[in-house]
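Chemist: Here's a sequence, model it:
(one chain, ligands or ions: 1)
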Amino acid sequence: MPKTVVITGATSGIGRAVALAHARLGANVAISGRREEQGNQAAREIVEAGGSAFFLATDVQHPADIERFINSAADKFGAFDTLITNAGIEPPRSLPLADIPVEQIDAVLDTNLRGSLITIKYGLAHLRKPGGDIILVSSLWGRNGGAALSVYTATKAGVEGLTRALAVELGHDGIRVNCLAPGFIDTEMSRRFMGGGDFSPFFTTNVPLERIGLDYEIANAMTFLSSDAASYITGQTLTVDGGHSIKMSAANFQAV
Ligand code: NAI
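Modeler: All right, here's what the predicted structure looks like:
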């Protein structure tokens, strides 16, 4: 029987690549995102890749939208095997906390942290017990600090805490809960962050593998975490960053 995988924020970037990777394994894939045209295009690609697709335009800042997406996905495919909370944004500009408008703080918290909490809250009713799994998406900033990144960092640290708490809460039901923390991955988000500049010297200096990551490299790690090969892994954050975080830690140590 094909697996059913439900992914938020899959109209582009990492979420879309994760959807396609599961489709290649023959899964039923339910995706959400804010952009109708890109969502329908991603759904067509899921079918071409060998899966069955369901797309519903959804804004995870609105709990009623999330509930409608989750219930529609369950109506279409039945019980979920894997629920992935990938939808995420960063503030439009990296600013010190004192200068960030309150509406932007709310939007980032509501998308990255509250959106994950509410997606899982509604998704749990449909998640296979035992055997289902949840994957949240953090970032290198979930465990590091960076000037002008306070809001994004707070949400991703929250996501990692949520992973640990839910792994304990849901272990008895046979549900695994893990988190994936990507380093710099070539997507719309990272291109916005880099502002069109040439970042190759940054990667050569800071990332042991000396390059940016690609969306399918995150998707490969996700298909591992959602597979039976990861059956005894829960409550963990898997970092997929070409070694960036290790070099970050070493740099901090040398600076002390
Ligand atoms: P992206 O901008 O290409 O994709 C983000 C996805 O989330 C899009 O499908 C977008 O429509 C969706 N989304 C955003 N706000 C939403 C909302 N309110 N409701 C529903 N969907 C919404 O970005 P990317 O890079 O693929 O990001 C995916 C995840 O990976 C995010 O959680 C991000 O924080 C995380 N991440 C990305 C890194 C990178 O270098 N690209 C690094 C570390 C973490």
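
Chemist: what's the spacing between the residue lying closest to Ile175 once chain neighbours are set aside and Ser249?
Modeler: Ranked by CB to CB, 6 or more residues apart in numbering and with sequence neighbours excluded, the top spatial neighbour of Ile175 is Gly132, at 4.9 Å. Bear in mind the C-beta positions are built from the backbone N, C-alpha and C, glycine included. As defined by CB to CB, to the nearest Å, Gly132 lies at a distance of 34 Å from Ser249.

Chemist: Looking at those two, which one has more neighbours?
Modeler: Using other CB atoms under 10 Å, the more surrounded residue of Gly132 and Ser249 is Gly132, with 23 against 12.

Chemist: need the contact list for that one.
Modeler: 79-83, 174-176 (CB atoms under 8 Å, 6 or more residues apart in numbering).

Chemist: same question, Phe199
Modeler: Each residue near Phe199 by CB under 8 Å, 6+ apart is listed here: 184, 212.

Chemist: Tell me where the stretch 151-256 of the chain has helices.
Modeler: With helices called from DSSP state H, counting those that start in this stretch, the stretch 151-256 of the chain shows them at 188-194, 200-206, 215-225, 244-255.

Chemist: let me fix that: the stretch 1-150 of the chain
Modeler: Read by DSSP H, counting those that start in this stretch, the stretch 1-150 of the chain holds these helices, from start to end of the chain: 13-24, 36-48, 63-77, 102-108, 115-123, 150-170.

Chemist: ok so, going back, ok, which pair from the contacts of Gly132 is furthest apart?
Modeler: Taking every pair in these and measuring CB to CB, the maximum separation is 15.3 Å, between Ala79 and Arg176.

Chemist: Could I get the contacting residues of the closest residue to Ala49 other than its chain neighbours?
Modeler: Counting by CB to CB, 6+ apart, Ala49 lies nearest to Ala23, which is 3.9 Å off, once chain neighbours are set aside. Ala23 makes contact with 29, 45-47, 49-51, 53, according to CB under 8 Å, 6+ apart.

Chemist: where's Ala23 relative to the ligand, distance?
Modeler: Remark: distance between Ala23 and the ligand (CB to the nearest ligand atom, to the nearest Å) = 16 Å.

Chemist: what's the neighbour count on the residue of the stretch 51-200 of the chain found nearest the ligand?
Modeler: When you check the stretch 51-200 of the chain against the ligand by CB to the nearest ligand atom, the closest residue turns out to be Gly88, at 2.2 Å. Counted with other CB under 10 Å, the burial measure for Gly88 works out to 25 neighbours.

Chemist: Kind regards, and thank you for your time.
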